[in-house]
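**Student:** What follows is a predicted structure for the sequence shown.
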Amino acid sequence: MSAISTAWNTVSLRRRSLPRIFFKEAKYEFLKSLRLPIYSASSIGFPVMFYLFFGVIFGKQRVAGVSMGTYLLASYGTFGVMGAALFGFGVGLAVERGLGWLQVKKASPMPPAAYFFAKIVTSSIFGMTVILLMMLCGTALGGVHLTSSQALRLMGTLLLGSLPFSALGIAIGSMAKPNSAPAVVNMIYLPLSVLSGLWIPFEGLPSMLQHIGRMLPAFHLNRLAQAALDIGPIESPWPHIEILVGYCLIFLGVAHLAFRKDEGKMYG
């Protein structure tokens, strides 16, 4: 009877300590990322800088029935959460694999989910910081007028919509070597942004590039972000959501296969 009671108490203790483990892992992952200027400055600085240049300077011009500042709030917001997810997972995971830190994590009693949860929380915080700074710049300098409903819808859409890009980052980080991971991420991130209409209005792209862009996940997240700001014609969000969920599952499947293949390997 005492053995059963001891086992039950152990299980109960583990369950109570799980939230603390997840919280601490997320806390220290965020502090680590915050202290890395190459990640924190680029994840926050570049999207906000681009928005200041195009969204504020050309903010009074109109496109798709709204000001350029409002239009680019959706597209550069998408660009910002993509970057935070791809670099946070793609580069961070590849580097930690190469240093053997991932092997230490696997050997520890920490649940594996806590590791990925911490990275999702960190990339989400950086992504939300980008969006909030853009909103502040747009309303203060670019003549952007947002209702509280629009602001909340945009943040919620981009927060959830960043998950497929976190999954893509996991796939990249589980396959790329530490030294090549930043280049691999940029080779995916930048063309994905251009072809999805995040830097210039999608309708201004050549028809062949538009055809390619409609198949990319960033295009569909941008469309959902635009819908959150009431930009463009009203359309059902479900096709875009279904495609993003499909991409998320595909990327997670690729990452799972890569992790299984990578068992026992280490890179210097």
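**Tutor:** It's in.

**Student:** residue boundaries of the helices in the stretch 1-150 of the chain?
**Tutor:** Applying DSSP state H, counting those that start in this stretch to the stretch 1-150 of the chain gives helices spanning 2-34, 37-50, 68-85, 92-99, 101-107, 112-141, 148-161.

**Student:** Ranking helices and strands of the protein by mean pLDDT, which lands last?
**Tutor:** helix 2-34 (a mean of 70; mean pLDDT, DSSP states H and E).

**Student:** one step back: Pro233: which of the helices of the stretch 1-150 of the chain is closest?
**Tutor:** helix 68-85 (14.1 Å; C-beta to C-beta). Every C-beta, even on glycine, is put in place using the N, C-alpha and C of the backbone.

**Student:** per-residue confidence averaged over the closest one?
**Tutor:** Mean per-residue pLDDT for helix 68-85: 94.

**Student:** Excluding chain neighbours, what is closest to Tyr115?
**Tutor:** Lys105 (5.5 Å; C-beta to C-beta, 6 or more residues apart in numbering).

**Student:** Any idea how many residues pack against that neighbour?
**Tutor:** When neighbours are counted by other C-beta atoms under 10 Å, Lys105 registers 14.

**Student:** what does Gln61 give?
**Tutor:** 11.

**Student:** Kindly report the same for Asn179.
**Tutor:** 12.

**Student:** Are we agreed that it is in a strand?
**Tutor:** No - assessed with DSSP: H, G, I helix; E, B strand; the rest coil, Asn179 is coil; it does not lie in a strand.

**Student:** Could you measure from the residue nearest to it when sequence neighbours are not counted over to His256?
**Tutor:** Residue nearest to Asn179 in three dimensions, not counting chain neighbours: Gly98, with 8.0 Å by C-beta to C-beta, 6+ apart. Between Gly98 and His256 the computed distance is 20 Å (C-beta to C-beta, to the nearest Å).

**Student:** who has more neighbours, those two?
**Tutor:** Gly98 (17 against 13).

**Student:** doesn't Ala176 make contact with that one?
**Tutor:** No - the criterion here is C-beta atoms under 8 Å, and Gly98 misses it with Ala176 at 9.6 Å.

**Student:** shaky segments in the stretch 51-200 of the chain?
**Tutor:** For the stretch 51-200 of the chain, applying pLDDT under 70 flags no range at all.

**Student:** at 80 what do you get?
**Tutor:** Scanning the stretch 51-200 of the chain with the threshold set as pLDDT under 80 gives 58-60, 64, 106-107.

**Student:** follow-up on the earlier one: winner for burial among the helices of the stretch 1-150 of the chain?
**Tutor:** Comparing those by mean neighbour count (mean count of other C-beta atoms under 10 Å), helix 68-85 comes out on top with a mean of 28.

**Student:** For that helix, name the packing helices and strands.
**Tutor:** Under the contact definition 3 or more C-beta pairs under 8 Å, 6 or more residues apart in numbering; DSSP states H and E, helix 68-85 sits against helix 37-50, helix 112-141, helix 148-161, helix 163-175, helix 181-195, helix 217-228.

**Student:** Adding distance to Glu235 as columns, could you present the ones you listed in JSON lines?
**Tutor:** Formatted as JSON lines, the helices and strands packed on helix 68-85 follow (distance: least, C-beta to C-beta, whole Å):
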{"stretch": "helix 37-50", "distance to Glu235": "26"}
{"stretch": "helix 112-141", "distance to Glu235": "23"}
{"stretch": "helix 148-161", "distance to Glu235": "14"}
{"stretch": "helix 163-175", "distance to Glu235": "20"}
{"stretch": "helix 181-195", "distance to Glu235": "20"}
{"stretch": "helix 217-228", "distance to Glu235": "7"}
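
**Student:** Ok, which of those comes nearest Leu31?
**Tutor:** Nearest to Leu31, of these and by C-beta to C-beta, is helix 112-141 at 9.2 Å.
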